[in-house]
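In: Provided below for reference: sequence and predicted model.
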Amino acid sequence: MFDYYYQMTVKILHIFFVVSWFVGLFYLPRIFVNHAMAEEEAVRKRLEIMELKLYRFVTPIGVLAIVFGLWLWFGFLDQFALNSPWLHVKTTLVVLLAAYHLWCGKLMRDFAAGRNRHSHKWYRVFNELPVFALLGSIVLVILKPALW
């Protein structure tokens with residue numbers, strides 16, 4: 001009984017941190033859209049501060065989402081689940097999402113250094129990329145037995 005509640009606690013924390021991480025990854029590129037459109041120096045500086053604070057806030061949340069996901073994977077899944085293709089596909093999505101997160105950090109540093117090379121329209125498209133990772137992850141988690 002204790003093992004069940006222990007596992008559910010880890011799962012709840014994983015879901016909480018995943019949702020929180022996605023909130024940050026949806027909002028940060030939206031700030032980039034506004035930053036790319038900003039013409040006044042004071043507005044650009046304010047957006048740089050917002051970007052930095054959000055990135056610093058959401059980075060440990062992303063790390064915790066991954067840590068609790070790995071804890072679920074290696075701590076509670078049976079051998080069959082560890083070898084299931086759906087889990088490896090989901091892990092690939094997480095790796096891509098972490099790369100996206102790091103890319104956001106690079107873009108943020110480029111803005112701060114005055115090296116932004118993208119338009120607000122590019123950032124609008126860039127902002128949609130994590131939506132696909134989220135949708136893919138949800139599909140994999142819900143339909144995992146039906147896929148393989």
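Out: It's in. Keep in mind that this is a model prediction, so the values were computed, not measured. Numbering: from 1, shown residues only.

In: so where's the protein shaky on pLDDT?
Out: Scanning the chain for pLDDT under 70 picks out the ranges 1, 78-82, 145-148.

In: So which elements touch the host helix or strand of Ile61?
Out: In this assignment (DSSP states H and E), Ile61 forms part of helix 41-76. For helix 41-76, the packing partners by 3 or more Cβ pairs under 8 Å, 6 or more residues apart in numbering; DSSP states H and E come out as helix 2-37, helix 85-112. (Each C-beta comes from the backbone N, C-alpha and C, glycine too.)

In: quick one: buried residues of the longest one?
Out: Residues 10, 13-14, 17-18, 20-22, 24-25, 28-29, 31-36 are the ones in helix 2-37 that count as buried (16 or more other Cβ atoms under 10 Å).

In: Can you give me the neighbour number for Arg117?
Out: 8 (other Cβ atoms under 10 Å).

In: Tell me the spacing between it and Phe111.
Out: 10 Å (Cβ to Cβ, to the nearest Å).

In: Repeat that for Leu134.
Out: 25 Å.

In: For these two, work out which one has more neighbours and name it.
Out: The residue with more neighbours, out of Leu134 and Phe111, is Phe111; 21 against 17, by other Cβ under 10 Å.
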